[in-house]
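J.: I need the structure of the sequence given here:
(chains A, B, C and D)
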Number of protein chains: 4
Amino acid sequence: MAQAHDIQKISTEDWDSNNFHDEQEHQKLEDIHTLPASEAQQTTTALDRPKTSNNLTNTRARLGLHPIAPIEEEHDEASHSDLMWPRIRLSLKEPFAEFFGVFILVLFGDGSVAQVLLTTGETTAPGGDGYGDYQSINWGWALGTMLGIYVAGDSGAYLNPAITFTNCILRKLPWRRFPIYFLAQFLGGFCAAGVIYINYINGINAAEGHGIRTVPPSKTATAGIFCTYPASDMTKAGMFFDEFIASMILMFVIFALKDDTNKGSFSASGAWFPLGLFFLIFGIGACFGWQTGYAINLARDFGPRLMSYAVGYGHEVWSAGGYYFWIPMVAPFLGCLFGGLLYDIFIFTGPSPINTPYMGMAKLFKPKQTVQQRLDQQKRDGIV
Amino acid sequence: MAQAHDIQKISTEDWDSNNFHDEQEHQKLEDIHTLPASEAQQTTTALDRPKTSNNLTNTRARLGLHPIAPIEEEHDEASHSDLMWPRIRLSLKEPFAEFFGVFILVLFGDGSVAQVLLTTGETTAPGGDGYGDYQSINWGWALGTMLGIYVAGDSGAYLNPAITFTNCILRKLPWRRFPIYFLAQFLGGFCAAGVIYINYINGINAAEGHGIRTVPPSKTATAGIFCTYPASDMTKAGMFFDEFIASMILMFVIFALKDDTNKGSFSASGAWFPLGLFFLIFGIGACFGWQTGYAINLARDFGPRLMSYAVGYGHEVWSAGGYYFWIPMVAPFLGCLFGGLLYDIFIFTGPSPINTPYMGMAKLFKPKQTVQQRLDQQKRDGIV
Amino acid sequence: MAQAHDIQKISTEDWDSNNFHDEQEHQKLEDIHTLPASEAQQTTTALDRPKTSNNLTNTRARLGLHPIAPIEEEHDEASHSDLMWPRIRLSLKEPFAEFFGVFILVLFGDGSVAQVLLTTGETTAPGGDGYGDYQSINWGWALGTMLGIYVAGDSGAYLNPAITFTNCILRKLPWRRFPIYFLAQFLGGFCAAGVIYINYINGINAAEGHGIRTVPPSKTATAGIFCTYPASDMTKAGMFFDEFIASMILMFVIFALKDDTNKGSFSASGAWFPLGLFFLIFGIGACFGWQTGYAINLARDFGPRLMSYAVGYGHEVWSAGGYYFWIPMVAPFLGCLFGGLLYDIFIFTGPSPINTPYMGMAKLFKPKQTVQQRLDQQKRDGIV
Amino acid sequence: MAQAHDIQKISTEDWDSNNFHDEQEHQKLEDIHTLPASEAQQTTTALDRPKTSNNLTNTRARLGLHPIAPIEEEHDEASHSDLMWPRIRLSLKEPFAEFFGVFILVLFGDGSVAQVLLTTGETTAPGGDGYGDYQSINWGWALGTMLGIYVAGDSGAYLNPAITFTNCILRKLPWRRFPIYFLAQFLGGFCAAGVIYINYINGINAAEGHGIRTVPPSKTATAGIFCTYPASDMTKAGMFFDEFIASMILMFVIFALKDDTNKGSFSASGAWFPLGLFFLIFGIGACFGWQTGYAINLARDFGPRLMSYAVGYGHEVWSAGGYYFWIPMVAPFLGCLFGGLLYDIFIFTGPSPINTPYMGMAKLFKPKQTVQQRLDQQKRDGIV
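T.: Purely as a prediction, here's the structure:
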């Protein structure tokens, strides 16, 4: 977001003016209010603290991260870059945050499915009908996302590669961030599924039998704990459309919640954002959760799917539903992008590729030049 | 609200005083605090930015909107009115916002009904009893409203023509806004119902059979996904009363939540408003949702009803329940107006037609003059 | 609360000091931050606006209300006291607020019971099992209280005579407020029960038969919609204890939520208070709702009970459960007082009768003098 | 937290500088923003109010508490330390707060289990299926924790000895606080279980028979109301792992919610913290509540267990599940510590033993010296 500002400002300013430094100061202050929190601080930091260890800066830049780690100024003690582990942690701060964010998300999400699935109809439970019902699963994923965001923070990645991807295209998150965020998100889901498997292995054995692991539509299948399987009798197009629509809603509403210029949502972009996300994910689960299990997230679906394959659910994790597994990998990217475009086309008035001549399509005609310009700009801002 | 202030201020001020400009400045600042957010900004804008393209202003005025589009000052780049699409978007900003607000509202609301209805008793669901229960529908409509408000913002329209209507009568929202808001709200509901139909067409076919579409009280009816049908054995008066009471509560509580002068609710009028609305809609669904399905909103009921007619549910969508369909079109307007009057009569101390000589009925006796005065005032304020 | 401050301040200040006025100014500012919102404003008002109509002041004082109506300064137009109705409204502002607060509370609460009770087991509902379950009733009462507080505001009465009563004893709410608040609260519950009866009369007839109205333990009883009846096999002591404990928790937690000096809750005393109350009432319903239906409020129980008697449920509304009806009238007062004492004895450090010599019991030995002192003080502050 | 700051500051400052006092002033202001609220105020207080009664200070220090009671300055009237009871209350302020916090927590938690368990399948309930289901129990524990935190406040103890313990190790909460907090927490749980037993004794008699009290897996067992019993067929390792993982998540997310330097959570560390905790506990119950009943807290499990032993549930409260009772006593300590370490190792950048040379292990090699240093530091800060 801020970069677009910069371009416009710079092109209309007199670069020889005496008050250049003041302008820059003012710009930084403004950035702090308009940028996603972490990026804002980093930009400021880049200008203010040239003394940070060059090694660290280089490592982070090579990983695709902002050269300056996003930590509180008062914590940025020299010791942090002198000791080995803190230096590693600083190098990998955002990937660690994304890893643990998805880890928490999938622990709660898969955990809720496991508990409800494995205790279905258990009459010894208080209430006499299992330890939870379908709504518990809605709670699990919704509050898992909320608490995961509290852990991972506001990096533009939001625990979901499809959202990271859309932010790269429409909100100028540097593309170089994508690979390492993606890896961290995937691993978070993979590891959390492993913890859930270990935790509920007794119950899984009781439900399926020792050494037996099956996949829906088997009657005793427990593979649905880890990743999504489509309802029976769905067409491929139906599956794809369901995931696409749910992802579209996800991104559209997140852009609304994050849009400081939208009169209805500006209050949500700060402290209210995680709570808004709770309701959003709860709603997607309650309204679009039946047909494809609302994957809407490669990290939440493919990571645990791979883990379930690793622990022995067999080839069927891929072949079930007519090789359905690729749909929750692909549809969220397209759905999120579409939802983001929808928001930018019809509602957003801030800097977006849509809000430029030819609706941004000039860039399609001169791709090389566009990419170069953007990279140059990012380097000038010191964020890659 | 602000207009009433203006009248009083103006009549007691010396218009020849030297500090007129200061007064006006002060007035503007005050307005920003007392007006609904979007109107406040527009008023300020109207005085500060005379250079905005005349075309845009005229287009918006002709559509019944505030001449100045409600966007952030820093985004109000010339480019916005130079490029074709951004200009269209600026011209239709509020209608677009209302359209997508109702779109999101109905996607979640109708989606939750579809999921619960079509999976009733499905034993393969985790928990063994379908993908949700009646409470999921309460969640769907409540969080749909909440997230819809985050998208649409605080324009006085609130995703519901009956609320727009009441705000026109009691809160001086200009009547010229009504038609285009109404159209946008209706289309939002209409389109969302179409998306839900496409998304759940497999399930609808499975429940009813290919090509068969029925309406309650048919046992396999799926028309209830889209719009409301009354419980059996209801009298017309009972139906009307139920919708009337639910709409009355809706408007009464919204006025309380929006009343900055009410000691209990002032905290709700800002960031808390969407959350308050979540609880309000949840409550109406949990407490007044059985007999008529808590339509309380023409856009949410008539829009999807028309869509269900269009996709083939047949003439019964109109004739069911003894041509019940007009009740959720008419009762919300009367119920909301009554709820608004109740609040203004017994609680509200701010500017309202109630708080004037003869309780505003002077206006009934001199309707022409009253309308003229109000239009004059609105023109002076530059908001029509 | 503020009065206690005043006493201490006054006794340690030099009344002849030149900066008396400044002191007073400062005191007022301080009051605004430490007092319940409405009282704070009134105190300020009493000193600043001596011109308010004497009639109005006298009327309000005779009704037991603060002489100055708690309305926004900018709304306090002369017209408000010149026109008949606005004058009545100003005279009765707090009673109206309490009336409608309880009205909303009971509409949602009784409405949720009606809907769940009358549709129990209805297989045509989406989900196939009625329009809600016991949890819907928890939602209904909890969000009804939350929204009722938004309507009624922070007057110290809190929609419940037992809370008003405890605030009179422990938080220096003037006793003269009690009768009119009590009446308003009672009438609010009475009227709301009437609206619910009219709204659900079809369903009640369907459940019981035309003209038949029964009371638990009748199998088809619908009297439980309106007020509480105890579970079978309860002893009187058990019923009393249950209501007593639930009321104790209610008051204890409300005092915690309202205690600005408590590090954990200070954030709850402002905007968070209604939300905190939602969770509190939900919890009392989920944890103490079985045996006596968590009445914990005379206005919510006796008001609707009288209405149900009026519409024909017969003498059994009083005699059921061994003339149980008096327990939810008496136990909440004792329970709330006990809960309040518990909080003041063990946690509260602010002004309370407990935090005085002999733990306030000096007042027991000199009751006349104590009452006189308090009245004098209140008159000096201009709040009676 | 603040102590670590102090060390760094002090070692880099010129102690002879003239502006020492200003530095100190500034330090105090900073502390108020970075410290847990109560500790911050106490530090300030220690410097500002040397006149507080020495008796009180000594008593509190001997109990292991901060020498200065954490009360509002304006309430710190001499009278508080002159009157006997207020002096006792000041001496025991934090233990009282922890006691009542856990008391409220267990009242709601055990109360919800009691209501659901004792009314399982009761067809006379509205809805026809008991007074709540398993989700009601999730609500009960989650909102009990939330409201308990509102009562007990932000002392670093958080109603759970395992959290107190982890804060002592990783957040420099003085160890001397531990014993009295522990005792208060344990007694809170013990007493609340007694109240629940009295309140539901009719229902327990009805379920089990007079004088009969059994423990799972007995079919009519009611011991599960008070404390947790494992699901059948669990191995000891499985039980331990489940409690360990749930406690790990608890501590990890609490550290994230409390981390002011984490971009995602800083908004949660103030007013949002209790609400965040509601979702956290709800999630642990919905996702990890089946196998061991999510004890995750010695005070919530051992206290009520002892009470259930005292009222006659017999030796089986200890021997059930193969002497399972020690697992919810031990696993939470290890799980919380592990969760805290995980957060500090991978996310936290503030002062933690992890963020020091040799990852804090230098301290392992010189334990005596380390303990001495820490005590010296705490004395210098006046907090022990």
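J.: State which one residue of the stretch 1-150 of chain A is found closest to chain D.
T.: The nearest approach of the stretch 1-150 of chain A to chain D comes at residue A:111, 3.1 Å away (Cβ to the nearest Cβ). For every residue, glycine as well, the C-beta is placed using N, CA and C.
J.: In which helix or strand does that residue reside?
T.: In the assignment (DSSP states H and E), residue A:111 maps to helix A:93-118.
J.: residues of that helix that come out buried?
T.: Buried residues in helix A:93-118, counted by 16 or more other Cβ atoms under 10 Å in any protein chain shown: A:93-118.
J.: filter those residues by proximity to chain B?
T.: Among the buried residues of helix A:93-118, proximity to chain B is found for A:113, A:116-117 (Cβ under 8 Å from any Cβ of the partner chain).
J.: pretty sure residue A:248 is touching residue A:335, no?
T.: Yes. Here residue A:248 reaches residue A:335: they are 4.5 Å apart, a contact under Cβ atoms under 8 Å.
J.: what sits against residue A:196?
T.: Each residue near residue A:196 by Cβ atoms under 8 Å, 6 or more residues apart in numbering or on different chains is listed here: A:106-107, A:110-111, A:114, A:225-226.
J.: Take those residues and write them to TSV, including pLDDT and distance to chain C.
T.: Putting the contacts of residue A:196 into TSV (pLDDT from 0 to 100; distance: Cβ to the nearest Cβ, whole Å) gives the following:
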residue	pLDDT	distance to chain C
A:106	97	27
A:107	97	24
A:110	97	25
A:111	97	22
A:114	96	23
A:225	96	24
A:226	96	27
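J.: ok, those vs residue B:87, which is closest?
T.: Distance to residue B:87 across these (Cβ to Cβ) is lowest for residue A:106, with 45.1 Å.
J.: Now do that closest one against residue A:234, distance only.
T.: 24 Å (Cβ to Cβ, to the nearest Å).
J.: Same check on residue A:327?
T.: 10 Å.
J.: Which residues are in contact with each of those two?
T.: Residues within reach of residue A:327 and of residue A:234 at once, by Cβ under 8 Å, 6+ apart, are residue A:292.
J.: so what's residue A:298 up against?
T.: Contacts of residue A:298 (Cβ under 8 Å, 6+ apart): A:160-162, A:185-186, A:328-329, A:332-333.
J.: Going by neighbour count, which of the residues you listed comes out on top?
T.: The residue in the contacts of residue A:298 with the most neighbours, by other Cβ atoms under 10 Å in any protein chain shown, is residue A:185 (32 neighbours).
J.: Can you tell me the closest non-neighbouring residue to residue A:337?
T.: residue A:166 (5.3 Å; Cβ to Cβ, 6 or more residues apart in numbering or on different chains).
J.: Can you get me a residue count around the one you found?
T.: 30.
J.: Over to residue A:315?
T.: For residue A:315, the count of nearby residues is 9 (other Cβ under 10 Å).
J.: How about residue A:343?
T.: For residue A:343, the number of neighbouring residues by other Cβ under 10 Å comes to 26.
J.: Read off the pLDDT value for residue A:86.
T.: With respect to pLDDT, residue A:86 has a value of 78.
J.: and residue A:189, how far is that from residue A:178?
T.: Shown here: residue A:189 relative to residue A:178, a distance of 17 Å by Cβ to Cβ.
J.: How about residue A:216, nearest residue that isn't a chain neighbour?
T.: residue A:229 (4.4 Å).
J.: circling back to that earlier point, settle it for me: which of residue A:189 and residue A:178 has more neighbours?
T.: In this view residue A:189 and residue A:178 are compared by other Cβ under 10 Å, and residue A:189 has more residues nearby, 31 against 17.
J.: Would you mind confirming that that one is in contact with residue A:106?
T.: Yes. With contact defined as Cβ under 8 Å, residue A:189 counts as touching residue A:106 (4.8 Å).
J.: Quick check: phi and psi at residue A:244.
T.: Phi and psi for residue A:244, reported as degrees, to the nearest 10, are phi -60, psi -50.
J.: Next, the contact list for the closest residue to chain C within the stretch 201-350 of chain A, please.
T.: Distance from chain C to each residue of the stretch 201-350 of chain A (Cβ to the nearest Cβ) is smallest for residue A:275, at 10.8 Å. By Cβ under 8 Å, 6+ apart, residue A:275 lies in contact with A:146, B:275, D:275.
J.: got a pLDDT number for the last one?
T.: Per-residue confidence (pLDDT) for residue D:275: 92.
J.: again with the first one
T.: pLDDT recorded at residue A:146 is 95.
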